[in-house]
Structure formats: structure tokens, C-alpha cells
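> I would like the atomic coordinates for the input below:
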Amino acid sequence: MATQAQSAVSVLLVLNLVLYFIITVIASWAVNHALEKSFESASTLTLPARLFPIYFPFGNMATGFFVIFSLIAGVMGMASSATGITNVTKWDSSNIHTASVSSLATFAVTILAMGFAWKEIELGWTDSNLRTLEVITIITSATQLLCTGAVQIGVEEMVVAEKQVGGRV
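Okay, here's the model as predicted:
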């Protein structure tokens with residue numbers, strides 16, 4: 001049973017690594033584009049809007065938060081998936097627990113980014129690059145949920161196996 005859980009987690013971690021890389025690339029492009037265009041656009045705004053630190057000259061009012069949290073989730077997800085692959089290949093108690101905690105933290109940040117994606121979809125008026133980022137963020141949150149669940153199943157199996165052996169020596 002451990003090999004089935006290990007192979008499922010490995011496949012999901014590789015898939016998440018690719019998805020988080022795509023999220024990071026698109027969110028990085030959006031931040032770069034906003035930094036290049038925001039001075040021109042923000043200079044015509046009234047004073048409170050000009051001081052707003054997360055202003056994006058495209059999209060809607062949720063775009064700034066969505067892009068920033070997507071970038072954070074993308075970088076954190078790539079790091080978590082890369083270290084998770086290493087931890088799952090060893091498949092011992094300490095490594096699988098480390099992968100579980102890392103996966104859970106990444107899932108929390110990804111769900112936060114997904115919430116802003118839903119808000120941005122609700123407000124409407126976004127271009128195709130942001131729609132792509134929204135869709136990939138929502139898909140990645142689902143695959144991260146599956147990955148977190150699969151890692152947790154591996155942890156449960158590891159705990160049961162340790163109890164049968166008699167604990168740690």
C-alpha cells in the first residue's frame with residue numbers, strides 16, 4: 001500500500017511543480033507589466049488611489065491582490081513541490097511528516113490566491129492573461145488539495161506501520 005500512495009504523491013507533486021511554475025511565470029509577467037505601466041496610469045488618479053500600494057493598470061480592483069498572492073503561492077508551491085519530491089523518494093517517517101506540513105502550508109496560500117481569483121472573476125473585466133492565471137490557480141488549488149490528502153494518507157500509513165513495529169528505537 002505504501003508504494004501506491006508513494007507513486008500517487010510523486011505524480012501529484014510533479015504535476016503541481018509544473019502548474020506552480022506556470023503560475024509564477026504569469027504572475028511575474030503581470031507584476032513586471034504593472035511596474036512598467038503604473039507610473040503613467042497612477043499619475044492621473046486622485047490622491048487616495050495614487051497612494052494605494054497595489055495598483056495595477058489592467059484588470060479590476062482585485063487584480064493587485066490576486067497577482068501578488070498568486071506569485072507568493074507559485075514560489076512557495078514550487079519550493080514545496082521540489083522538496084516534497086525529495087522527501088517522498090525517501091519515504092520515512094520524518095520526511096513524510098515534513099512533506100505533509102509543507103503541503104498543507106502551500107495549500108493554505110493557494111486557497112487564499114484562489115479566493116482572490118474568484119473575486120476577480122466576479123468583478124469581471126480582465127484580459128486573457130489574467131483569465132489564464134485565474135483558471136490555472138483554481139486548477140492548482142484542486143490538485144494541491146489532492147496532493148495534501150495523498151500525503152496525509154501516507155502519514156497515516158506510516159504511523160500505523162510504526163505502531164505495528166513497536167515504535168521508534
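> quick one: neighbours of residue 136, just the number.
Residue neighbour count, defined by other Cβ atoms under 10 Å, stands at 19 for residue 136. C-beta: built from backbone N, CA, C; applies to glycine.
> let's see the pLDDT reported for residue 126.
Residue 126 is assigned a predicted lDDT (pLDDT) of 72.
> is it in contact with residue 117, as I believe?
No. Here residue 126 lies out of contact with residue 117, judged by Cβ atoms under 8 Å, at a distance of 10.0 Å.
> those two: who's more crowded?
More neighbours sit around residue 117 than around the other of residue 126 and residue 117, counting by other Cβ under 10 Å; the figures are 24 against 20.
> gap between that one and residue 101?
The span separating residue 117 from residue 101 equals 25 Å under the rule Cβ to Cβ, to the nearest Å.
> same question for residue 147.
To residue 101, residue 147 is 13 Å away according to Cβ to Cβ.
> mind checking which of the two has more residues around it?
Higher neighbour count among residue 147 and residue 101: residue 147, with 27 against 12, using other Cβ under 10 Å.
> contact partners for that one?
For residue 147, the contacting residues are 9, 12-13, 16, 84, 103, 107, by Cβ atoms under 8 Å, 6 or more residues apart in numbering.
> any idea how far the longest helix seen in the chain is from the chain center?
Using DSSP state H, we find that the single longest helix of the chain is helix 2-42. With Cα atoms, centre = their mean, to the nearest Å as the basis, helix 2-42 stands 7 Å off its chain's centre.
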